[in-house]
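Enquirer: sharing a model that was predicted from the sequence below.
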Amino acid sequence: PIKLKSSKTKQIIIGYLGALREWVDLRPMLLAVKNLKNYKIKVLIVGGEEDLPQYEKFVKKHKIDHKVTFTGNVPFKEVPKYINKMDITTIPFKINRVTNGTCPLKLLEYLGCEKASISTPLNEVKSMLGNKVLYANTVKEWEKQISILYHDQILREMLGKTGRKFVEENFNWNKICKDMEDILIKYNNKINK
């Protein structure tokens, strides 16, 4: 079980949840945390797979292993528990042709748990979520966005509530089923003309 504690005034937990595979790049976010020396920040990385060992070596090499906790893979039913330990959630993806066309499900899970999020500026995320999340790609951009959210609890809460409302309005089962029904009716009408 995880032992990190989050406090709105003393310590902030920045988290990532998901596979550590070729599309993820935690390094800019981790280096930003290292550079924010006077900030009380812990990092929680929930997930594993093939790139976990490289990130464990990376945090040791950069002497931030005391700030970073790796859980490895966890059961899906425990995902909300881990997300709710986080004050700031992240989508630290590499930008490429594939990732630019995706909006990771984990981002909607973060927002559904009312968490403020920082994402790499992926086209699909920007198109779908606009200013409901903050964006960072370089180490300096990560420093800036983390610093903003670290110092502004009201903004963290507002982004969390706005994100939750967005998820409730756009990704509830009634809406999803209605959208699918509309697509099927439209397609059926086209082929039956």
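Expert: Ah, there it is. Note that the coordinates shown come from a computational prediction; the quantities given were computed from them, not determined experimentally.

Enquirer: only C-alpha atoms from now on, for both contacts and neighbour counts.
Expert: Noted.

Enquirer: residues contacting the nearest residue to residue 149 once chain neighbours are set aside?
Expert: In space, residue 149 comes closest to residue 156 once its chain neighbours are excluded; the distance is 5.9 Å by C-alpha to C-alpha, 6 or more residues apart in numbering. Applying C-alpha atoms under 8 Å, 6 or more residues apart in numbering to residue 156 gives the contacts 87-88, 115-116, 149.

Enquirer: got the buried residues for the host helix or strand of residue 156?
Expert: Assigned by DSSP states H and E, residue 156 belongs to helix 153-170. The neighbour-count check on helix 153-170 (16 or more other C-alpha atoms under 10 Å) flags 156-164, 166-167 as buried.

Enquirer: now do the helices in the chain.
Expert: Counting by DSSP state H, the segments of the chain that form helices are 27-35, 52-61, 79-83, 105-112, 123-129, 139-151, 153-170, 173-191.

Enquirer: any idea of the mean pLDDT in the third one?
Expert: If I follow you right, that is helix 79-83. Helix 79-83 carries an average pLDDT of 93.

Enquirer: centre of the chain versus that helix, how much separation?
Expert: Distance of helix 79-83 from the chain centroid (C-alpha atoms, centre = their mean, to the nearest Å) equals 12 Å.

Enquirer: what lies in contact with it?
Expert: With C-alpha under 8 Å, 6+ apart, helix 79-83 has contacts from 15, 17, 46, 89, 109-110, 113, 115.
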